[in-house]
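A.B. asks: here is a sequence together with a model predicted from it:
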Amino acid sequence: MGVFNIRHMKVEIWSDVACPFCYIGKRRFERVLESFPDKDKVVVEWKSFLLDPSLPKGGKRKIQDYMAQQKGMSISEVKAMFQHVVEMAQSEGIEMNMDQVIMASTLDMHRLIQYAKTLNLGAEAEEGFFNAYFSGKDFTNESVLLETCKEIGLDEGEALNVINSDRFSAEVDNDIYEAKTIGVRGVPHFVFNDKYTVSGAQPGDVFKSALKKAYEEWNRSE
């Protein structure tokens, strides 16, 4: 797992930009962390995860069509399911335009997030790409990726170099492999101090309890 200053407790979060519950879980966890008295002693690392590694990089489909085929549901059933997700997101202050979202490989965004992590901008990158994805932007378009990178605070030249190469692919693969070794089967998946786990976009109280317990144990061991 990631290497951190021993004076900080770590929280690792496996997530995919294409996962609405990851976005919701991010917002709920961050709200809890913001109110945590010792938040300055907690370091968060975002980890890559691909919900569907088979999605092509260049190809794209409307999410309604993709989900209908994957789940064996009608379009009307998919839209009803999405409405529930949209309402959950709205309760957390997140706007999701599910009727505009496209499905394609999120690998490039994960590689850019890995690049952002080297500049301590991992959380900002996650937020930026979540927002771009669920607002329905065409993230298969290079200019859209670069626009998002600029908003995050990344150097556009470096970001373009990442997009047009395989840089940070190994880091993405390592995160995915690590997820398999610890039994992660779905995201979001939170690991507190290598010990306590929370899976899914759980209520804030669940995150608060796990964070408090993990921190108290870590603090006693220091």
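C.D. replies: Received it, and whenever you're ready, just let me know what you need. Numbers count the residues shown, from 1 in each chain.
A.B. asks: helices and strands around the helix or strand of the chain with the lowest mean pLDDT, which ones?
C.D. replies: Least confident helix or strand of the chain, by mean pLDDT, DSSP states H and E, is strand 61-62 with a mean of 92. Other elements packing on strand 61-62 under the criterion 3 or more CB pairs under 8 Å, 6 or more residues apart in numbering; DSSP states H and E are strand 102-103. No exception for glycine: its C-beta is placed from N, CA and C like everyone else's.
A.B. asks: partner strands of the strand it packs on, with direction?
C.D. replies: strand 61-62 (antiparallel) (DSSP bridges).
A.B. asks: run the chain-centre distance for the partner strand.
C.D. replies: Distance of strand 61-62 from the chain centroid (CA atoms, centre = their mean, to the nearest Å) equals 20 Å.
A.B. asks: coming back round to it: how about residues contacting the least confident helix or strand of the chain?
C.D. replies: 101-104 (CB atoms under 8 Å, 6 or more residues apart in numbering).
A.B. asks: low-scoring stretches of this protein, by residue?
C.D. replies: For the chain, applying pLDDT under 70 flags the ranges 1-6, 222.
A.B. asks: switch to 50 and redo it
C.D. replies: 1-5 (pLDDT under 50).
A.B. asks: ranges for the strands of it?
C.D. replies: Taking DSSP state E as the criterion, the chain carries its strands at 9-15, 42-48, 61-62, 102-103, 189-192, 196-199.
A.B. asks: make a markdown table out of those strands and add distance to residue 146 and mean neighbour count.
C.D. replies: Formatted as a markdown table, the strands of the chain follow (distance: least, CB to CB, whole Å; neighbours: other CB atoms under 10 Å):
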| stretch | distance to residue 146 | mean neighbour count |
| --- | --- | --- |
| strand 9-15 | 22 | 23 |
| strand 42-48 | 20 | 21 |
| strand 61-62 | 23 | 15 |
| strand 102-103 | 18 | 19 |
| strand 189-192 | 30 | 24 |
| strand 196-199 | 34 | 16 |
